[in-house]
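In: 3D, please:
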Amino acid sequence: VQLQASGGGLVQAGGSQRLSCAASRRTSSTYIMGWFRQAPGKEREFVARISWSGDNIYYADSVKGRFSISRGNAVNTVYLQMNNLNDEDTAVYYCATGGPKAVLSRRYDYWGQGTEVTVSS
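Out: Take a look at the predicted model:
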């Protein structure tokens, strides 16, 4: 399974950005789709997740109320809508997919290459 993340770029503080992630195919190991991010000098952290059926939606506290994860109309696509961005959101964002166990373990089997989001203040 290959994942292609896109949509990153430079955005002003308070602005919005939408990230996309397209999976090459779905298997029994691709039940859940998650977004993670890694800021400079920091460890990678969980951002949000959604199952391909559209449930099991969950957000990190740091993005709750500002970010929204959803399935796209395009086949095997997931979006991350990011609103009211601040400089703490600056990071490389990765999409990943995994089986049912990944819902709680956050251990995903397949990862995309990452797309960089820079928030300027």
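In: residues of the helix-or-strand element of the chain with minimal mean pLDDT that come out buried?
Out: Lowest mean confidence among the helices and strands of the chain (mean pLDDT, DSSP states H and E): helix 102-105, at a mean of 89. Judged by neighbour count (16 or more other CB atoms under 10 Å), helix 102-105 contains these buried residues: residue 102. In short, each C-beta sits where N, CA and C put it, glycine included.
In: What helices and strands are in contact with it?
Out: strand 32-38 (3 or more CB pairs under 8 Å, 6 or more residues apart in numbering; DSSP states H and E).
In: partners of the strand it packs on, with directions?
Out: Here strand 32-38 has these sheet partners by DSSP bridges: strand 45-51 (antiparallel), strand 91-98 (antiparallel).
In: hang on, the earlier thing: please tell me how far the least confident helix or strand of the chain is from the chain's geometric centre.
Out: Taking CA atoms, centre = their mean, to the nearest Å, one finds helix 102-105 lying 15 Å from the centre of the chain it belongs to.
In: Name the residues that touch the next helix or strand along the chain from it?
Out: Scanning forward in sequence from helix 102-105 by DSSP states H and E, the next helix or strand is strand 110-111. The contact list for strand 110-111 (CB atoms under 8 Å, 6 or more residues apart in numbering) reads 1, 2, 3, 23, 29, 30, 94, 95, 96, 97, 98.
In: The same query, at a cut-off of 7 Å, please.
Out: Strand 110-111 is contacted from outside by 1, 3, 94, 96, 97, using CB atoms under 7 Å, 6 or more residues apart in numbering.
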